[in-house]
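> got a predicted model here, sequence first, then my questions.
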Amino acid sequence: MWSRKILILPFAIAASVIQARSAERPPFHVSHFQDDVTVNLTVTSLQASPVQDYDFDVTIGLTEFDSAGSIRYIDQGSHDVRVKCDSPGKVFIGGAVYVPTSGVAGSDWKEDLLISVCMSPVS
């Protein structure tokens with residue numbers, strides 16, 4: 001009985017730490033919907049890509065907030081994206097390659113991701 005609790009406890013602690021860290025990161029993109037619902041996209045992990053045509057492998061987190069700013073939903077899925085910073089920048093997700101165009105900041109999450117990852121200092 002103790003062995004199960006000992007094994008489960010570290011996983012529960014790790015999950016709550018990961019969730020707390022992703023909540024602390026500033027979003028790179030915010031979408032606004034009806035009833036003052038917002039969805040924030042955050043970078044939850046960033047590492048050098050082993051794929052030659054890309055600079056970074058990124059994991060994106062999604063959090064939905066209600067009109068009062070309370071969390072309604074945290075997507076526990078893993079949304080993996082590859083990013084190339086050199087011109088022309090590109091984003092690879094779900095088997096598709098997107099080459100964002102320079103538009104209005106905030107209008108396209110892929111362009112906002114490129115700006116966030118490629119134009120910001122990496123910590």
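Everything's here; your move.
> where along the chain do the helices fall?
2-24, 109-118 (DSSP state H).
> by contact count, what packs against the last one?
Spelled out, it's helix 109-118. strand 29-32, strand 38-48, strand 56-65, strand 79-84, strand 90-93 (3 or more CB pairs under 8 Å, 6 or more residues apart in numbering; DSSP states H and E). The C-beta positions use only the backbone N, C-alpha and C, and glycine is treated the same way.
> right, so of those strands, which gets closest to S116?
strand 38-48 (6.6 Å; CB to CB).
> so how far is the closest one off the chain centroid?
Distance of strand 38-48 from its chain centroid, counting by CA atoms, centre = their mean, to the nearest Å, is 2 Å.
> what do you get for stretch 34-45?
For stretch 34-45, the separation from the chain centroid amounts to 10 Å (computed by CA atoms, centre = their mean).
> buried set for that stretch?
Under the neighbour-count criterion of 16 or more other CB atoms under 10 Å, stretch 34-45 has 38-44 buried.
> possible to save the helices and strands packed on helix 109-118 as JSON lines with mean pLDDT and distance to S116?
What follows is those, written out as JSON lines (pLDDT from 0 to 100; distance: least, CB to CB, whole Å):
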{"stretch": "strand 29-32", "mean pLDDT": "94", "distance to S116": "8"}
{"stretch": "strand 38-48", "mean pLDDT": "96", "distance to S116": "7"}
{"stretch": "strand 56-65", "mean pLDDT": "96", "distance to S116": "9"}
{"stretch": "strand 79-84", "mean pLDDT": "96", "distance to S116": "9"}
{"stretch": "strand 90-93", "mean pLDDT": "95", "distance to S116": "11"}
